[in-house]
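**Q** turn this into a structure:
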Amino acid sequence: MPESYDVVIVGGGPGGYVAAIRATQLGLSTAIVERDALGGICLNRGCIPSKAMLRGAEILDTCRQATRFGVTCAAVEVSYAGLVRQRDESVDQLRTGVGNLLRNVQVIKGDARLRDSATVEVTGSGETSALTFKNLIIASGSRPSTPAIPGIESPGVIDSDGALRLESCPRRAVVVGAGAVGVEWAEIWRALGAEVMVLEIQPRLLPTADPEISRELGRSWNRKGITYRVGARIQGISPDGGGLRTQVLVENHEESLASDIVLLAAGRRPNVEGLNLEAAGVEANPGGIPTDDRMRTNVPNIYAVGDVTGQYLLAHAASHQGIVAAETIGGSGEPFDDRAVPSVVFTDPEIASVGWGETQARDAGLEVSVGRFPFAASPRAVAADQAVGFVKIIARQDTQEILGVHIIGQRAGEIIAEATLAIRLRATLHDLAHTIHAHPTFSEALMEAAWAALGTPIHVPSRSSSRSSAPGRAP
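**A** Residues are numbered from 1 along each chain as shown. Reported below is the predicted structural model:
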């Protein structure tokens, strides 16, 4: 007889395992089907290992800059093997932690395939078994997308998984795609001494970021010696001696780029194939599985969370969606609030954003107030010699409700949490400006940007704030 559960979850990544923890807390019998390691791409081959590598790059840069503080770091050397060892130890520790958290959840190794809207087949170790469920949560994640480029199968063309398998830092690297994955690997390799060229088909770096953020990142890269081309169309990749040659067209000018490797970082695609969704009547498309704000698919007892929905390719969004799904199944909770989903890119300086961009707000017909505060005017940033970047805040001009915050600067990934809470609670510029922030801290910049948006900046000239108007409606 098939085993039966209140909730079966397909996928043990950030969406799946968090959903399992919450479902178990609610008293629901729960099983996870995972064909690989618990923690998903984020823990094992994405967010966490890349952040460990970035930390190594940060330490190296700190040593290089130490003389500004009268500190001499003699004979600084980098052991790539040592960096990889620390990375892998961090991943192992966290993976073990996830396993411990799931001690009350039945974890089943194998590939899942739906038989109908109440049964999933699991194939593993050469055997197939069946699980019946009252509710199913699909958290099967995503994988790197493969652009249609001639020569893409050439040896040395890798994706982000391949980047983690490298045993040494390349001398020359071409990175295809200037999204989060591409720009982070560009920074890692450049810090370790590689020559890096980043190619982006869109007209700017980080195409989904605020244009001012993209420009500031470009200035940072100019200082670091990371080269890039935007509006770049790759014509082909071919072997060239012991390396690769990439042909690229930029504004009708053709370039030929030599490198040791080519990293494909041109986005991801949802893992919807192989699940036999049609057997349960679940609607899906190449962009993912559509859901409502309770993460329900078109089949009432089947839910989808995380990358497979195609909504947000962010681990923290997946985790929260997992909580929403589990609580909905348990008869409680709140819908997913898509107004307040932060994103962070771990470059140096960091980049973070939440809510609407200025263009998005104007396109909605809103009158907006915009405030900016540069870290060059932040006492903590100046004292730490980390005074690059700024905070930009967008608010409705009529109600002062905060609509979006965009940051490039040190600690941006931490500061954005306050901005996310402000948007979730529909806080106003007045609320933020009149919230006392500890001094001296990087987070003061958010308060200062709010004052600037109100037209009464404290520590910058009044020209740092701007108001723009367009007739419109509420969001």
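
**Q** for the stretch 201-350 of the chain, just list every one of the helices.
**A** Here the stretch 201-350 of the chain has its helices, by DSSP state H, counting those that start in this stretch, at 211-224, 315-329.

**Q** wait, which of those helices is closest to residue 26?
**A** Nearest to residue 26, of all the helices of the stretch 201-350 of the chain, is helix 315-329, at 6.5 Å by Cβ to Cβ. C-beta coordinates here come from the backbone N, C-alpha and C atoms, glycine included.

**Q** which strands and helices lie in contact with the closest one?
**A** Judged by 3 or more Cβ pairs under 8 Å, 6 or more residues apart in numbering; DSSP states H and E, helix 315-329 is in contact with strand 3-10, helix 14-25, strand 127-138, strand 302-304.

**Q** for those, which one sits closest to residue 199?
**A** Closest among the helices and strands packed on helix 315-329, using Cβ to Cβ: helix 14-25, at 29.5 Å.

**Q** who does the closest one touch, helix- and strand-wise?
**A** Against helix 14-25 (3+ Cβ pairs under 8 Å, 6+ apart) you get strand 3-10, strand 30-34, helix 40-45, helix 80-101, strand 127-138, helix 315-329.

**Q** average pLDDT for the last one?
**A** pLDDT averaged over helix 315-329 equals 98, rounded to a whole number.

**Q** output it as PDB, restricted to C-alpha atoms.
**A** Extracted in PDB, the C-alpha atoms of helix 315-329 (Å, rounded to 0.1, in the frame of the first residue of the first chain):
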ATOM      1  CA  ALA A 315      16.000  31.800  -2.000                       C
ATOM      2  CA  HIS A 316      14.300  34.100   0.600                       C
ATOM      3  CA  ALA A 317      11.200  34.500  -1.500                       C
ATOM      4  CA  ALA A 318      11.000  30.700  -2.000                       C
ATOM      5  CA  SER A 319      11.300  30.200   1.800                       C
ATOM      6  CA  HIS A 320       8.500  32.700   2.500                       C
ATOM      7  CA  GLN A 321       6.300  31.200  -0.200                       C
ATOM      8  CA  GLY A 322       6.900  27.800   1.400                       C
ATOM      9  CA  ILE A 323       5.600  29.200   4.700                       C
ATOM     10  CA  VAL A 324       2.600  30.700   3.000                       C
ATOM     11  CA  ALA A 325       1.700  27.400   1.300                       C
ATOM     12  CA  ALA A 326       2.200  25.400   4.500                       C
ATOM     13  CA  GLU A 327       0.100  27.800   6.600                       C
ATOM     14  CA  THR A 328      -2.600  27.800   3.900                       C
ATOM     15  CA  ILE A 329      -2.800  24.100   4.000                       C
END
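
**Q** that helix to strand 127-138, inter-axis angle?
**A** 90 degrees (axes from the mean of the first three to the mean of the last three Cα atoms, to 10 degrees).

**Q** next, the angle helix 14-25 makes with helix 315-329.
**A** Inter-element angle recorded for helix 315-329 and helix 14-25: 30 degrees (by the same axes, to 10 degrees).

**Q** circling back: I'd like the helices and strands packed on helix 14-25 laid out as CSV, including mean neighbour count and distance to residue 275.
**A** CSV is the format used below for these (neighbours: other Cβ atoms under 10 Å; distance: least, Cβ to Cβ, whole Å):
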stretch, mean neighbour count, distance to residue 275
strand 3-10, 23, 7
strand 30-34, 26, 11
helix 40-45, 23, 16
helix 80-101, 14, 23
strand 127-138, 19, 7
helix 315-329, 24, 16
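
**Q** JSON lines for the ones you listed, including distance to residue 348?
**A** Formatted as JSON lines, the helices and strands packed on helix 14-25 follow (distance: least, Cβ to Cβ, whole Å):
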{"stretch": "strand 3-10", "distance to residue 348": "36"}
{"stretch": "strand 30-34", "distance to residue 348": "34"}
{"stretch": "helix 40-45", "distance to residue 348": "21"}
{"stretch": "helix 80-101", "distance to residue 348": "16"}
{"stretch": "strand 127-138", "distance to residue 348": "36"}
{"stretch": "helix 315-329", "distance to residue 348": "21"}
